[in-house]
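> Using only what follows, build the 3D model:
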Amino acid sequence: MGQFFIIALTSTFYILCIFEKKTPLRLFLFIFICLCSQSLVSQEDFLAKQYFEDGDFDKAVVFYEKLVAKNPMRTDYVEGLVACYQQLEQYDKSEAILLKLLNQRNAYPTILIELGYNHTLQEQPQKASEYYEQALAKIEENPNYGYGMGLRFQKYTLLNYALQAFSIAMEKNPRLDYNFQKARIYGEQGDIERMYQSYLNLISDGKASQANVLRNISDFIGSEPDNPNNVKFKKVVLQNAQKKPDVLWNQLLSWLFVQQKQYKSAFNQEKAIYKRGGEMALQRLQGLGKITLDNKDLSTARDIYGYIAQNSADEVIVLDAKLNLIQIDLQDPDKKILENVGNTFKDLMAIHGYDMETLQLPIAYAKFLTFNMDNPQPGIEILQKCLQLPLNNYGKSYIKSTLADILVYDQRFNQALIYFSQIQKDLKNDVLGQEARFKVAQTSFYKGDFDWALTQLKVLRGSTSQLIANDAMQLSLLISDNSLEDSTQTALKKYARADFLAYQNKKKEAVGLLEDILQNHKGEKIEDEALLKQAEILTQLKDYEKAEFNYLKIVTFYPHDILADDANFALAELYRNVLDQPDKAKAHYEKIIYNYQDSYYFPQARRNFRQLRGDSIN
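Okay, here's the model as predicted:
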């Protein structure tokens with residue numbers, strides 16, 4: 001860095017010398033010296049902070065002494081020097097600097113807190129208290145000091161003093177409101193009920209948003225209903241509801257039940273909110289329905305969407321609810337259910353047709369005909385009709401994406417590639433455009449054009465969407481690794497065929513072809529890929545024992561391969577969500593946390609691990 005500055009400044013000086021005839025050289029020399037001086041200060045600042053962060057206080061103090069000597073009015077340099085002296089237990093030097101600052105005109109009274117803390121470090125509580133009391137007295141004189149003083153007390157975990165600082169300021173100037181800060185301190189002190197009540201008062205009085213308060217409260221809430229903090233929160237909310245009935249308390253209880261995954265209880269609260277708020281409250285019910293679906297509570301999800309369909313006066317909301325009910329029905333592959341769903345779609349199409357506001361209906365119907373009924377042609381015709389509507393660029397691209405998906409299913413790969421390419425061109429910088437490029441690669445993979453697939457995937461590995469980038473990297477490595485090992489690409493072609501069968505919802509055929517790979521290509525690089533893909537499909541087929549066997553085989557025999565984190569995460573999810581073996585789930589989440597920290601699954605694995613351990617999650 002130093003060399004860079006010297007070169008840059010020397011070049012500047014050379015250029016200035018060229019123009020010496022027009023401007024006095026003395027002025028340029030002065031500017032040059034100033035620039036050099038500023039460069040040196042910047043370097044010293046950087047080194048001082050770096051040494052301090054590294055715990056090398058002997059070196060840090062040298063640079064901070066130079067910085068304070070050159071810039072005595074810079075409080076950050078002075079505070080850095082004081083902190084260095086304290087770390088080196090040179091408390092007399094710290095005190096001398098602080099006393100000098102205190103004696104300056106217009107000295108800010110937080111210096112008194114710093115002096116007190118300097119004595120706290122020396123285990124001189126009486127002397128420290130004297131300075132802290134002097135600091136509080138300054139707030140009596142000028143309540144505007146309250147905020148800065150309160151924060152400084154908090155910085156040193158002097159929480160009782162911080163509360164006094166905020167309270168004195170509010171008492172002296174009623175226009176000041178530090179209740180939010182006080183509520184956080186109650187939490188830090190472990191006075192949980194008082195913290196809850198303080199936060200709820202802020203919401204009730206309109207002094208803080210519900211979202212902001214819940215973000216802070218969520219640090220103390222766990223996922224278990226019998227968590228002591230959860231029990232206290234429920235108690236405080238119910239006490240408030242008895243004193244002053246308000247829809248707010250229903251909203252807070254609903255939020256608590258969602259944290260505890262008690263979705264039926266949350267639904268009861270949301271129904272009470274809807275009865276008071278009417279149509280405006282349906283958005284909350286829709287949100288709860290999505291949460292229950294994501295968490296596989298299909299029974300509660302059915303009740304929620306059924307309630308929305310029966311009560312809403314908005315035909316778009318009703319249709320959305322009915323489509324979600326269809327998706328719940330489709331979780332069961334029974335032929336009778338499929339027939340009923342088909343009739344439901346026909347009835348809905350007769351009502352809504354091809355309306356701009358309800359286009360989600362024909363799109364869903366086309367997908368159903370293709371992927372559930374193995375009848376793609378009517379689906380293609382439906383979507384081609386949709387494209388005739390006066391849609392904007394994004395709307396057309398969305399329909400084209402679904403149409404291309406169906407064309408891929410029908411093995412009309414070239415037509416599908418044309419549509420995907422059009423989406424790429426029209427929405428170049430949009431996620432939908434990036435998804436279309438990935439689907440070009442995926443379609444090329446299905447049809448065995450591995451070179452073109454690789455060309456597309458190389459671009460996508462830098463995608464702004466982490467999910468697309470991750471999928472692109474994995475498919476790219478699958479192709480390149482197995483092409484190098486086997487020039488005929490025999491196993492890779494089988495795998496691509498199996499992947500395509502899975503895409504077509506022909507899961508049992510896909511499992512059989514993957515078994516062929518596992519039996520006839522043992523020891524080849526593709527073996528772990530086949531094990532993982534087969535396990536994913538077996539999970540969908542609810543053959544959990546075989547899926548578990550495959551995942552365990554990957555984590556046991558391929559712990560250093562690229563799919564190890566995928567297998568560990570999938571296995572943990574299987575144990576947590578299906579097999580109800582939380583201890584085993586924790587073990588596999590932990591493997592990701594400690595062994596695969598650059599994994600795409602790392603954040604979610606850490607979160608799930610902490611939940612299973614009983615930690616409070618924000």
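
> what about the residue lying closest to Tyr596 once chain neighbours are set aside, neighbour count?
In this structure, Tyr596 finds its nearest non-sequential neighbour in Asp565, 4.0 Å apart by C-beta to C-beta, 6 or more residues apart in numbering. C-beta coordinates here come from the backbone N, C-alpha and C atoms, glycine included. Using other C-beta atoms under 10 Å, Asp565 is surrounded by 22 other residues.

> buried residues in the helix or strand hosting Asp565?
Element membership of Asp565, judged by DSSP states H and E, is helix 564-577. Neighbour counts over helix 564-577 (16 or more other C-beta atoms under 10 Å) mark 564-576 as buried.

> one step back: please list all residues in contact with the residue nearest to Tyr596.
Asp565 sits next to Ile592, Asn595, Tyr596, Ser599, Tyr600, Tyr601, Phe602 when contact means C-beta atoms under 8 Å, 6 or more residues apart in numbering.

> Over to Gly148?
Counting by C-beta under 8 Å, 6+ apart, Gly148 has contacts Tyr108, Thr110.

> for it, helix, strand, or coil?
Secondary structure for Gly148, judged by DSSP: H, G, I helix; E, B strand; the rest coil, is helix.

> Which residues does stretch 92-112 contact?
By C-beta under 8 Å, 6+ apart, the residues outside stretch 92-112 that reach it are 68, 78, 81-82, 85-86, 114-115, 118, 131-132, 134-135, 138-139, 145, 148-149, 152.

> Can you tell me which of these end up in helices?
Mapping the contacts of stretch 92-112 onto helices (DSSP state H) picks out 68, 78, 81-82, 85-86, 114-115, 118, 131-132, 134-135, 138-139, 148-149, 152.

> Look up how far Thr292 lies from the closest residue to Ser599 other than its chain neighbours.
The shortest distance from Ser599 to any non-neighbouring residue, by C-beta to C-beta, 6+ apart, is to Asp565 (4.0 Å). Note on Asp565: its distance to Thr292, by C-beta to C-beta, to the nearest Å, is 28 Å.

> hmm, back to that, and the helix holding Asp565, what's its mean pLDDT?
For helix 564-577, mean pLDDT is 93.

> Can you identify the element that follows it toward the C-terminus?
Counting by DSSP H and E, what follows helix 564-577 is helix 582-595.

> Give me the distance between that following helix and the centre of its chain.
Relative to the centre of its chain, helix 582-595 is centred 20 Å away, using C-alpha atoms, centre = their mean, to the nearest Å.

> Now do it: which elements does it pack against?
Judged by 3 or more C-beta pairs under 8 Å, 6 or more residues apart in numbering; DSSP states H and E, helix 582-595 is in contact with helix 564-577, helix 602-613.

> contacting residues around the last one?
Helix 602-613 is touched from outside by 223, 565, 568-569, 572, 576, 582, 585-586, 589-590, 592-593, 596, 599, 617, with contacts defined as C-beta under 8 Å, 6+ apart.

> Show me how far that helix is from its chain's centre.
Distance, stretch centre to chain centre, for helix 602-613: 13 Å (C-alpha atoms, centre = their mean).

> Which of the helices or strands spans Val213?
helix 210-217.

> Ala530 too?
Here Ala530 sits within helix 526-540, counting by DSSP H and E.

> what's the average pLDDT for the helix or strand following that helix?
Sequence-wise, the next helix or strand downstream of helix 526-540 (DSSP H and E) is helix 544-557. For helix 544-557, the mean per-residue pLDDT is 94.

> Now do helix 544-557: which elements does it pack against?
Helix 544-557 makes packing contacts with helix 526-540, helix 564-577 when contacts are defined by 3+ C-beta pairs under 8 Å, 6+ apart.

> can the ones you listed go into JSON lines with extra columns for distance to Lys553?
JSON lines is the format used below for the helices and strands packed on helix 544-557 (distance: least, C-beta to C-beta, whole Å):
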{"stretch": "helix 526-540", "distance to Lys553": "6"}
{"stretch": "helix 564-577", "distance to Lys553": "9"}
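
> which SS state does Lys336 fall under?
On the basis of three-state DSSP, Lys336 is classed as helix.

> Pull the number of nearby residues for it.
Residues contacting Lys336 under the criterion other C-beta under 10 Å number 8.

> do the same with Leu298
Neighbourhood size, Leu298 [other C-beta under 10 Å]: 15.

> One more: Phe609?
Neighbourhood size, Phe609 [other C-beta under 10 Å]: 21.

> same question, Asn103
Neighbours around Asn103, by other C-beta under 10 Å: 9.

> Hmm, Leu427 and Asn393 touching each other?
Yes - at 7.1 Å, Asn393 counts as touching Leu427 under the criterion of C-beta atoms under 8 Å.

> in the stretch 251-400 of the chain, which spans are helices?
Counting by DSSP state H, counting those that start in this stretch, the stretch 251-400 of the chain has helices at residues 263-277, 282-294, 298-311, 315-329, 335-352, 360-367, 376-386, 393-409.

> Also the stretch 1-150 of the chain?
For the stretch 1-150 of the chain, helices defined by DSSP H, counting those that start in this stretch occupy the ranges 2-18, 25-53, 57-70, 75-87, 91-102, 110-121, 125-141, 146-155.

> For those helices, give me TSV that also has distance to Ile326.
What follows is those, written out as TSV (distance: least, C-beta to C-beta, whole Å):
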stretch	distance to Ile326
helix 2-18	64
helix 25-53	57
helix 57-70	65
helix 75-87	61
helix 91-102	71
helix 110-121	63
helix 125-141	63
helix 146-155	53
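
> Tell me, how many residues neighbour Glu381?
Residues within reach of Glu381, counting by other C-beta under 10 Å, total 12.

> again with Gln242
Neighbours of Gln242 (other C-beta under 10 Å): 9.

> what do you get for Ala266?
Around Ala266 there are 24 residues (other C-beta under 10 Å).
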